[in-house]
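> Here you go, sequence then predicted model.
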Amino acid sequence: MAKIYTRRSARIAQTVALFTAALLLSGAAQANEALAQKNNCLACHAVALKLVGPAYKDVAAKYAGQADAQALVMENIRNGSAGKWGDLPMPPQPKLSDADLKKLTIWVLSAK
């Protein structure tokens, strides 16, 4: 009987841990989306649809598997870019703090 309770307790603990992790990730994603909204990123970009600029899921797919993806995207956001996604250039975002820039970059690269 003790083995049944041990296995059941382990499954319950695992389920609670997964649920808690999902809630934390969801909260972080919402905070990062709010950060993108605050900095007018969502005026030109969306997570799943191309607007003026590429969809974040397309950016994530383009840089998937690249060891320097975070540095490249951070540089593109900070300094702007041209010609990578069409004729329209992305303006630079020099006023973003380093911490916010990193949060936005990680969020963009995690888009699915």
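Alright, I've got the coordinates. Numbering: from 1, shown residues only.
> all strands in the protein, in order from the N-terminus.
Applying DSSP state E to the chain gives no strands.
> Show me the shaky parts of it.
Filtered on pLDDT under 70, the chain yields the residue ranges 1-5, 7-28.
> buried set for stretch 40-60?
If you call a residue buried by 16 or more other C-beta atoms under 10 Å, then stretch 40-60 has these buried ones: 41, 45, 46, 47, 53, 54, 55, 56, 57, 58, 59, 60. All C-beta spots, glycine's among them, are computed from the backbone N, C-alpha and C.
> what's the spacing between the closest residue to the first one other than its chain neighbours and residue 34?
Counting by C-beta to C-beta, 6 or more residues apart in numbering, residue 104 is the residue found nearest to residue 41 once chain neighbours are left out, at 6.9 Å. Noted for residue 104: a distance of 11 Å to residue 34, by C-beta to C-beta, to the nearest Å.
> hang on, the earlier thing: list the residues that contact the residue nearest to residue 41.
By C-beta atoms under 8 Å, 6 or more residues apart in numbering, the contact set of residue 104 is 32, 35, 36, 39, 41, 77, 96.
> Between the residues you listed, which sits nearest residue 64?
residue 77 (17.6 Å; C-beta to C-beta).
> Tell me if I'm right that the closest one and residue 101 touch.
Yes: with contact defined as C-beta atoms under 8 Å, residue 77 counts as touching residue 101 (6.1 Å).
> what residues are shared contacts of the two?
Both residue 77 and residue 101 are in contact with residue 93, where contact means C-beta under 8 Å, 6+ apart.
> Can you mark which positions in stretch 89-106 are buried?
90, 93, 96, 100, 101, 103, 104, 105.
> Just give the nearest non-adjacent residue to the most centrally placed residue in the chain, would you?
Closest to where the C-alpha atoms of the chain average out (C-alpha atoms, centre = their mean) is residue 107, at 1.4 Å. Distances taken as C-beta to C-beta, 6+ apart place residue 32 nearest to residue 107, at 3.7 Å, with adjacent residues excluded.
> So that neighbour versus residue 101, what's the distance?
Distance from residue 32 to residue 101, by C-beta to C-beta: 12 Å.
> for the protein, what spans make up the helices?
2-38, 56-63, 69-79, 98-109 (DSSP state H).
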